[in-house]
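Q: For reference, the sequence and a predicted model appear below.
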Amino acid sequence: MATNEAIVLKTNFDNWRNRADGLDPNIDPWLYYCLEQHLKSYAIDDDDLEAGITDGSHDGGIDGYYFLVNNRLIVDADSDLDPKLVSSIHLLFFQVKHSGGMRPTEIEKWLETVDDFFDLSKDPNSLNVRYNLKIRSAMRIWRDQYLRFSVHFPTVAVSFFYITGDDAVPDELALDACNRVRRRVEKSLRSTCKVNCVGAKQLWEQVQKRPLSHRVIKWAEPPMQTKEGYVGLVRLHDFRTFLVEDDDPTVLAERIFESNVRGFVLDSTINEEMSNSLRNPADEPNFWLLNNGVTVIAAKALPAHLMVTISDPQIVNGLQTSRVVFDTIKPSDFDDRTVLVRVIETTDQRTQDRIIKATNSQNRSKHPA
C-alpha cells in the first residue's frame, strides 16, 4: 500500500508536469522533476540541467551527471576556470526510476562505471562499446579539467543518488552495494563519497525544501539607522553564515544574488588580492577599510538587539566580496574582522533598479565589491 508521501508526491509531480512548459519531449518528465528537486540548492538553470542528462542505452547506470566547482559553477567542455580559484569539486551522479524499489543490481552498475570514470589512464574513446557519447564526453571533461585543477589540491566530493518514486527503503543487499560503490570511489580517487538511496519519503522531503525567505544579519556593533535602512559592520564569520543555503555551511545561497548585474570574474586579480588579505589578517588592516562593502535590498527589515531579520534579501552590490568571503573564510573560523553592510528596505522596483545601477558603477578602491 502506498504511503501518504508517495501519494502526495505523485500529485505534486502531476501538477508540476501540467505547469511545466517547453520541456524537451525526448526527456522523461519524471527524470527532469527528480533532478530539479536535488539540484535546486545549486541554482543550476534549465539549460545546464538538460545538458547533464545522460539517460539512454549504455549510460553505465547514470541518468544525470553534474560536475561543479566551488559548489556553484558547472564545468563543461568550454569552461576556462583559473585553477587557483577552484577550492572544491563536487560530482553528482543520478539514477532515477519511476518504481521498482531499491534494486542492488541497478546500484551495482555503478561499480564498473566508477572504475572506468576515475581511471585517468583510460582513454574514454576506447570505451565506445560500453558507454554512450554523453558519458564518454563527461569522462573526457572530468579528466582534462581535474588534471588542471588538481595542482592546487581542491577538495573533492562525489555523490550518488538512486531515486525511486516507490515507498521503498534499501535492504541489506542494496546497502551492501552502496557501500561497495563508496569504497570503490574512495579507493580510486582521493575524495569523500556518499551514496544516497531516495524513496518517496525522502524525495517528498526534498520537494518541500524551499530557499530561506528570511535571513538574519548580526551586527558587530550598533548600526547607523536611517529612514531607508541600516548601515553597519558585520563580522566576517557572521556574514558568511548569512550567505549559506538552508544552513548548510558548504553551499552558497545563489538565489540571494539574482538581482546583481555584475558577474563574478573568476580570473580577477582583485579577487585574489581579497583572498590573500583574508588569509593573512596580521598583514592587513581591518577588511572593511579595504572594501566598498555589500548592499542588500530587503522587502522588510525587522531590527532586534544587534541584529536585523531581512525578508527576501537580494545582494545587489558586493557579489565578488561575498563569494570571496564565502570561499576563503571557513565555517569554523571566528574572524573578528568586519565587512561594511548596507541594508535598504524597499519594494519599489524603480528604486531598486536605481540602487543597483548606482552601486555597480562606482569607482574602484583597492578591494572593490
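A: Received the coordinates, thanks.
Q: Note down every partner strand of the helix or strand hosting Ile89 and its orientation.
A: Assigned by DSSP states H and E, Ile89 falls within strand 88-97. Applying DSSP bridges to the sheet, strand 88-97 is found paired with strand 64-69 (antiparallel), strand 155-164 (parallel).
Q: Select, out of those, the one closest to Arg130.
A: Proximity to Arg130 (Cβ to Cβ) singles out strand 64-69 among the strands paired with strand 88-97, at 15.6 Å. The way it works is simple: take the backbone N, C-alpha and C, and place the C-beta from them, glycine included.
Q: any idea which helix or strand comes after the closest one?
A: Using DSSP H and E, the next helix or strand after strand 64-69 towards the C-terminus is strand 73-74.
Q: If you average the pLDDT over that next one, what comes out?
A: Strand 73-74 shows a mean pLDDT of 84 in the predicted model.
Q: For stretch 164-177, output the C-alpha coordinates as PDB.
A: The C-alpha atoms that make up stretch 164-177 are tabulated as PDB, following Å, rounded to 0.1, in the frame of the first residue of the first chain:
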ATOM      1  CA  THR A 164      12.600   5.900  -7.000                       C
ATOM      2  CA  GLY A 165       9.000   7.000  -6.700                       C
ATOM      3  CA  ASP A 166       8.200   4.000  -4.700                       C
ATOM      4  CA  ASP A 167       7.700   3.900  -0.900                       C
ATOM      5  CA  ALA A 168      11.000   2.000  -0.500                       C
ATOM      6  CA  VAL A 169      14.000   1.700   1.700                       C
ATOM      7  CA  PRO A 170      17.200  -0.200   0.800                       C
ATOM      8  CA  ASP A 171      17.500  -3.700   2.100                       C
ATOM      9  CA  GLU A 172      20.800  -5.300   3.300                       C
ATOM     10  CA  LEU A 173      21.800  -6.200  -0.300                       C
ATOM     11  CA  ALA A 174      21.200  -2.700  -1.600                       C
ATOM     12  CA  LEU A 175      23.100  -1.200   1.300                       C
ATOM     13  CA  ASP A 176      26.000  -3.500   0.700                       C
ATOM     14  CA  ALA A 177      26.000  -2.400  -3.000                       C
END
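Q: residues making contact with it?
A: Residues outside stretch 164-177 that contact it (Cβ atoms under 8 Å, 6 or more residues apart in numbering) are 2-3, 5-6, 9-10, 13, 30, 96-104, 107-108, 111, 178, 197-201, 203.
Q: on that earlier part again, pLDDT averaged over the strand holding Ile89, what's the number?
A: Along strand 88-97, the predicted confidence averages to a pLDDT of 96.
Q: Give me the contact list for the helix or strand just after that strand.
A: Stepping forward along the backbone from strand 88-97, the first helix or strand reached (DSSP H and E) is helix 104-107. Contacts made with helix 104-107 from outside it, assessed by Cβ under 8 Å, 6+ apart, are listed as 61, 95, 97, 100, 162, 171, 173-174, 176-178, 181, 195.
Q: Just give me the closest of those to Leu233.
A: If you rank the contacts of helix 104-107 by distance to Leu233 using Cβ to Cβ, Val195 comes first, at 43.7 Å.
Q: Show me what whichever helix or strand that closest one is part of is packed up against.
A: Taking DSSP H and E as the criterion, the element that holds Val195 is strand 192-198. Helices and strands touching strand 192-198, as assessed by 3 or more Cβ pairs under 8 Å, 6 or more residues apart in numbering; DSSP states H and E, comprise strand 155-164, helix 172-188.
Q: Would you mind getting the angle between that strand and strand 88-97?
A: Taking axes from the mean of the first three to the mean of the last three Cα atoms, to 10 degrees, one finds strand 192-198 and strand 88-97 inclined to each other by 30 degrees.
Q: What are the buried residues along strand 192-198?
A: By neighbour count, and taking 16 or more other Cβ atoms under 10 Å as the criterion, the buried residues in strand 192-198 are Cys193, Val195, Cys197, Val198.
Q: cool, stretch 150-168 as well?
A: Taking 16+ other Cβ under 10 Å as the basis for neighbour counts, the residues of stretch 150-168 that come out buried are 154, 156-168.
Q: Show me where the protein dips below the pLDDT cut-off.
A: 1-2, 43, 210-213, 247, 258-269, 282-283, 349-350, 353, 357, 359-369 (pLDDT under 70).
Q: Kindly recompute the last result at 50.
A: Within the chain, the stretches falling below the threshold (pLDDT under 50) are 1, 259-267, 362-368.
Q: What is the end-to-end distance of stretch 28-48?
A: Using Cα to Cα, to the nearest Å, the gap from the first to the last residue of stretch 28-48 comes to 16 Å.
Q: Show residues contacting that stretch.
A: Under the criterion Cβ under 8 Å, 6+ apart, residues 13, 16-17, 20, 23, 49-50, 52-53, 55, 63-64, 66, 68, 71-72, 74, 92, 94, 96, 98, 161, 163, 165, 203, 206-207, 209, 211, 245-246, 248, 251, 254-255 lie in contact with stretch 28-48.
Q: related to what we said a few turns ago, could you dump the buried residues of strand 192-198 to CSV with distance to Val185?
A: Converted to CSV, those look like this (distance: Cβ to Cβ, whole Å):
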residue, distance to Val185
Cys193, 4
Val195, 9
Cys197, 16
Val198, 18
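Q: and which of these is nearest Asp123?
A: Of all the buried residues of strand 192-198, Asp123 sits closest to Cys193, with 24.1 Å by Cβ to Cβ.
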